[in-house]
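Participant: I'll drop the sequence and a predicted model, then ask my questions.
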Amino acid sequence: TGIIAANLAEKLEDFESTYAPETVSIRAQLAETNAGLSSIEHGNSEEVLNNLNYLGNHQNIHPKVLYFSIPWNGYKYWMAYTPYPSGDTSAENPCIAVSNDMLNWTVPTGLVNPLELAPASGYNSDTHLLYRSDTGVMEIWWRQYNGSDGSRVIYRRTSTDGVTWTAKETIFTLTAATEILSPVVMFEEGKYKVWGVRGSSVIYQESAGDSISGWLAVRDLNIEWKSQNLRPWHLDIIHTDLGYEMIVCAYDVDTGSNNDADLFYVLQKGESFTIPEMVLKRSVNPTANANKSIYRASFIKVNDVYYV
């Protein structure tokens with residue numbers, strides 16, 4: 001084995017001495033490629049996802065994607081989202097899209113988006129999608145702000161086929177002080193688990209049973225940021241073999257606003273949290289999709305590969 005290794009090393013040395021310029025060039029290109037692939041600034045998509053909304057444009061935000069290894073009602077991927085063309089809150093209404101390749105999305109046959117129109121004074125926002133494997137029911141949750149009284153309401157609708165949805169139900173009626181931004185919802189261990197953002201904290205709450213009728217007290221999660229100036233804004237969470245994996249968009253309150261958010265990763269195991277690490281940074285290119293802000297992202301993990 002030692003003789004073979006020595007011979008290979010000698011041959012490699014002869015090759016590099018003979019083709020020195022080419023070798024240097026290849027190594028430089030490889031280093032540059034690796035740096036680019038691992039760069040948090042190069043992870044941004046350069047193209048808009050092919051998801052034509054009910055307004056006839058592709059300006060959509062706040063997605064939540066579910067993956068089914070065995071297609072559910074014909075599709076592997078189901079998404080909840082809201083259109084947001086040019087920041088128009090009246091268009092920010094809960095919608096459903098489906099796909100079998102994650103790139104090209106359509107509306108399931110028979111469904112008419114949106115599932116809920118904006119109130120006369122106020123707007124909808126913050127969609128989330130979950131699936132209860134115990135009942136075979138999909139649920140869409142969303143937040144509604146009412147300008148008439150300043151209340152925030154979390155609603156849900158449910159479906160067994162993704163096309164016909166029940167009437168909306170009220171989950172929480174909140175105030176500015178009890179706000180839940182970007183709710184993330186799972187049904188596990190016979191109860192609902194809800195995460196969200198309130199002020200400068202990520203919060204957690206769970207139902208007392210398997211229904212939405214009773215809830216236990218809200219508690220703050222002890223996530224320690226590298227800087228006290230970083231504020232969480234929106235998030236998504238998945239439960240994997242590693243624990244609860246989170247991606248949280250956050251911004252520096254001293255230098256910007258939620259329009260300047262970058263994306264951070266946090267892992268929760270038991271009651272412990274890793275220090276948030278930036279995984280996706282806003283593009284410095286003024287014409288890029290992600291130049292202004294990275295908003296609520298959704299992610300799934302399939303065969304140990306993450307898709308955001």
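Facilitator: Done, it's in.
Participant: just how off-centre is stretch 151-160 within its chain?
Facilitator: 19 Å (Cα atoms, centre = their mean, to the nearest Å).
Participant: Other residues contacting that stretch?
Facilitator: Residues from elsewhere that reach stretch 151-160 (Cβ atoms under 8 Å, 6 or more residues apart in numbering): 115-116, 136-146, 165-176, 179-180, 183, 212. Backbone N, C-alpha and C define where each C-beta goes, glycine included.
Participant: If burial is judged by neighbour count, which of these pass?
Facilitator: Neighbour-count burial (16 or more other Cβ atoms under 10 Å) applied to these gives 115-116, 138-145, 165, 168, 171-172, 174, 179-180, 183, 212.
Participant: Counting by contacts, list what the lengthiest strand in the chain packs against.
Facilitator: Selection of the longest strand in the chain by residue count, based on DSSP state E, yields strand 60-72. Applying 3 or more Cβ pairs under 8 Å, 6 or more residues apart in numbering; DSSP states H and E, we find strand 60-72 packed against strand 75-83, strand 122-132, strand 300-302.
Participant: Using PDB, write out the CA atom coordinates for that strand.
Facilitator: Taking Å, rounded to 0.1, in the frame of the first residue of the first chain, the C-alpha atoms of strand 60-72 are listed here in PDB:
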ATOM      1  CA  ASN A  60     -46.100  36.200  -3.500                       C
ATOM      2  CA  ILE A  61     -44.800  36.100   0.100                       C
ATOM      3  CA  HIS A  62     -45.100  34.200   3.400                       C
ATOM      4  CA  PRO A  63     -45.100  30.600   2.100                       C
ATOM      5  CA  LYS A  64     -45.400  27.400   4.100                       C
ATOM      6  CA  VAL A  65     -44.700  24.200   2.100                       C
ATOM      7  CA  LEU A  66     -45.600  20.700   3.100                       C
ATOM      8  CA  TYR A  67     -44.000  17.600   1.600                       C
ATOM      9  CA  PHE A  68     -45.800  14.200   1.100                       C
ATOM     10  CA  SER A  69     -43.700  11.200   0.100                       C
ATOM     11  CA  ILE A  70     -46.900   9.700  -1.100                       C
ATOM     12  CA  PRO A  71     -48.800  12.400  -3.000                       C
ATOM     13  CA  TRP A  72     -51.700  13.800  -1.100                       C
END
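Participant: picking up where we left off before, now go through the buried ones among the contacts of stretch 151-160 and say which are in strands.
Facilitator: 138, 139, 140, 141, 142, 143, 144, 145, 171, 172, 174, 183.
Participant: Tell me the one of the residues you listed nearest residue 71?
Facilitator: residue 138 (13.2 Å; Cβ to Cβ).
Participant: Show me the beta-bridge partners of the closest one.
Facilitator: residue 131, residue 159 (DSSP bridges).
Participant: same deal with the one 5 residues further on?
Facilitator: For residue 143, the beta-bridge assignment (DSSP bridges) gives partners residue 125, residue 154.
Participant: Good, we can wrap up now.
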